[in-house]
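**Q** Sharing a model that was predicted from the sequence below.
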Amino acid sequence: MSSKKNRQELYLRGKQAMSDTNTGTTDSDVKTPESDTETIQQTTTVVEEQVGQQPESETYITAVLSTVAVTAETTNVQPTSVQSSQPLASKAALMIQKQIQNYIEAMSVKAPNPVQGGQWQKTLYLLLKQVLSEADPGKFREEWNAILNVAQANAESVFHENYIFRFPQHWNLSDSEGTVFRRLITLIKMTSDPQNRFQQNNAIHLERATAGLTETQKNNILNFYN
């Protein structure tokens, strides 16, 4: 109960923070403060203030993803259903699918506010890094398949090359982090189709695709595709 209460308090503080600083905009510029994407941006900003600018730390990643989860519950974001040839086998994989579906909802092709869109891109990057850091190979396989399935279902919309790399000036990632993010997204796009997911090895340079990752993250990728 205390954990849920703390997350709710974090969410409310995020809303207050944005209401105190949101000046110089009009209704035509951004959504109202009750919109899903703006709420995510508010609460994620507060998390950064709480745990510090340490995007690689486990505390930071856990805090941001917890914020996304409680915000989705509060704003009633409904994930788009995904048709998968393989059923998801764990609650962890289902949670990952829910997290990425929240991203899909916010990043529709109707051009979200660039600042909000950039914050969602960073949230996706952190989600990918969290999944890649999974110590259990079986859980990683389920969670990575969940991401690939959502990417395939949205290959002609949000995950299309015209949309998936939007708003880089607002990602708030270092140059090296941005490079890692682009490589991971490219890997996901190339292997999202379950019909040829494991037949792309000749076209993929896995060593390059995993450059900049930790040993655990790199091994998860290499073991998944080999």
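**A** That came through fine. On a predicted model such as this, the values are computed, not experimentally measured, just so you know.

**Q** Is residue 100 in contact with residue 125, as I believe?
**A** No: under the criterion of C-beta atoms under 8 Å, residue 100 is not in contact with residue 125, lying 11.8 Å apart. Just so you know, the C-beta spots here come from the backbone N, C-alpha and C atoms, and that holds for glycine as well.

**Q** Could you check which of these two is surrounded by more residues?
**A** A direct count of neighbours by other C-beta atoms under 10 Å for residue 100 and residue 125 places residue 100 higher, at 26 against 22.

**Q** Identify the residues contacting the closest residue to the more buried one other than its chain neighbours.
**A** Spatially, and ignoring its direct neighbours in sequence, residue 100 is nearest to residue 150 (4.9 Å; C-beta to C-beta, 6 or more residues apart in numbering). By C-beta atoms under 8 Å, 6 or more residues apart in numbering, the residues touching residue 150 are 82, 97, 100, 101, 104.

**Q** repeat for residue 92
**A** Contact partners of residue 92, counting by C-beta under 8 Å, 6+ apart, are 139, 142, 143.

**Q** if we go to 6 Å?
**A** Applying C-beta atoms under 6 Å, 6 or more residues apart in numbering, we find residue 92 in contact with residue 139.

**Q** swap in residue 188?
**A** Residues counted as contacts of residue 188 (C-beta under 6 Å, 6+ apart) are residue 151.

**Q** Of the contacts of residue 150, which is the nearest to residue 131?
**A** Top of the list for closeness to residue 131, among these and by C-beta to C-beta, is residue 100 at 9.5 Å.

**Q** That closest one: which element?
**A** Taking DSSP states H and E as the definition, one finds residue 100 inside helix 91-106.

**Q** which stretches of the protein have low pLDDT?
**A** Within the chain, the set of residues satisfying pLDDT under 70 comprises 1-89, 200-202.

**Q** now with 50?
**A** Counting by pLDDT under 50, the chain has low-confidence residues at 3-4, 7, 10-11, 13-39, 42-55, 57, 60, 62, 66-88.
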